Structures are given as C-alpha cells and as structure tokens.
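Asker: Okay, sequence plus prediction incoming.
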Amino acid sequence: MNPIVVGLFPWSTIARFHLNHFTTVATVRFLFEDKSIPEKTITGDLEGRSILEITEEFDIHLNHNCGGVCACSTCHVYIEKGEEFLEEISEKEEDFIDRAINPRLESRLGCQCVILDNNADIVVTIPDQRRIIGHEH
Ligand code: FES
C-alpha cells in the first residue's frame, strides 16, 4: 500500500485490508450419514472447485457414476449450510435430484456445487454410500 494512503487510515483498517485479501479461505465441513466415518473439515483456496472435486482430492468417498457431468444422481449430497456460496441449481440438476435416494430441500449434486468465493462456510452431509450402486473414478 502506498505510504501516503497508509497515512490516511488507522492501523486497524490497514490490518483488516491485508487480512481480508491475503488470508481468506473457504471452509467445507463434511458430515456423514454413516456414523462410523468421522467428520472432516477442509479449508483453503477452494473457489471454483466443486464439492465432488474436493471429496476426490481429500479422499472422501462420494460416488460419481457419470464423471461429474450432471447425468446421474450418485453424487447426491445435502448442503446443510452455505448454499448461498454455491453456484445456483439448474433445472437439469433438479431433475436428477428427484431420482436420488431420500431427496430433501437441502439436496444438491456434488459435481454441480461449485464454490463461488473463498469466504464460503459450507456444511455438507454425505449420504450413506453403501446404499448407492455407484463407483469412484
Ligand atoms: Fe453424475 Fe454428479 S456425478 S451427476
């Protein structure tokens, strides 16, 4: 920041500016219907990545038979918190959610849940994968 500009603002404002621009990280907390799996929290630069991509990278089992192109319902998840940080649901996604096991208002397809920014604070429940005929790639 330019020293002239720095002189115009109190120190706390400058510190907040730097913290906001250099330390924002998204948080995604994963809960599991299968209670034998402990919850897991992922933080980091997650903007532009889908919930499915994050599960793959961090070794969380989520089936995805069509490979993430919104053509099945095996990546079905529940977004318990933070829906506003995700790309909006499409009609096609809604159609496939209707075919998922136990759809609810919080249902989304993990491959279509792209995180919009690094201020995201999201809680996801992964359905019991033992009830889904699917596979990981
Ligand atoms: Fe098929 Fe998400 S993996 S719809």
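Answerer: Great, that's in hand. Residues are numbered from 1 along each chain as shown.
Asker: Contact residues of this protein facing the ligand?
Answerer: With the criterion set to CB under 6 Å from any ligand atom, the chain comes near the ligand through H64, N65, C66, G68, C70, A71, C72, T74, C75, F96, L109, C111. Where C-beta positions appear, they are placed from N, C-alpha and C, glycine not excepted.
Asker: Report how many residues lie close to G48.
Answerer: By the criterion of other CB atoms under 10 Å, G48 has 12 neighbours.
Asker: just A71 next, same as before
Answerer: Neighbours around A71, by other CB under 10 Å: 12.
Asker: And for D117?
Answerer: D117: 11 surrounding residues under other CB under 10 Å.
Asker: Excluding chain neighbours, what is closest to it?
Answerer: Using CB to CB, 6 or more residues apart in numbering and skipping residues adjacent in sequence, the residue nearest D117 is E47, 5.4 Å away.
Asker: Kindly report the same for P38.
Answerer: In space, P38 is closest to F32, 7.9 Å off (CB to CB, 6+ apart).
Asker: now the residues of the chain next to the ligand in TSV, with pLDDT?
Answerer: Below are the residues of the chain next to the ligand laid out as TSV (pLDDT from 0 to 100):
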residue	pLDDT
H64	95
N65	94
C66	95
G68	96
C70	97
A71	97
C72	95
T74	96
C75	97
F96	97
L109	98
C111	98
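Asker: Among these, which lie within helices?
Answerer: Using DSSP state H, the subset of the residues of the chain next to the ligand located in helices is F96.
Asker: Are any of the residues of the chain next to the ligand buried, and if so which?
Answerer: H64, N65, C66, G68, C72, T74, C75, F96, L109, C111 (16 or more other CB atoms under 10 Å).
Asker: OK, contacts around the last one?
Answerer: What it means is C111. Shown in contact with C111 (CB atoms under 8 Å, 6 or more residues apart in numbering): S50, I51, L52, H64, C66, G68, V69, C70, C75.
Asker: nearest to A100, of those?
Answerer: Nearest to A100 among the contacts of C111 is C75, at 9.1 Å by CB to CB.
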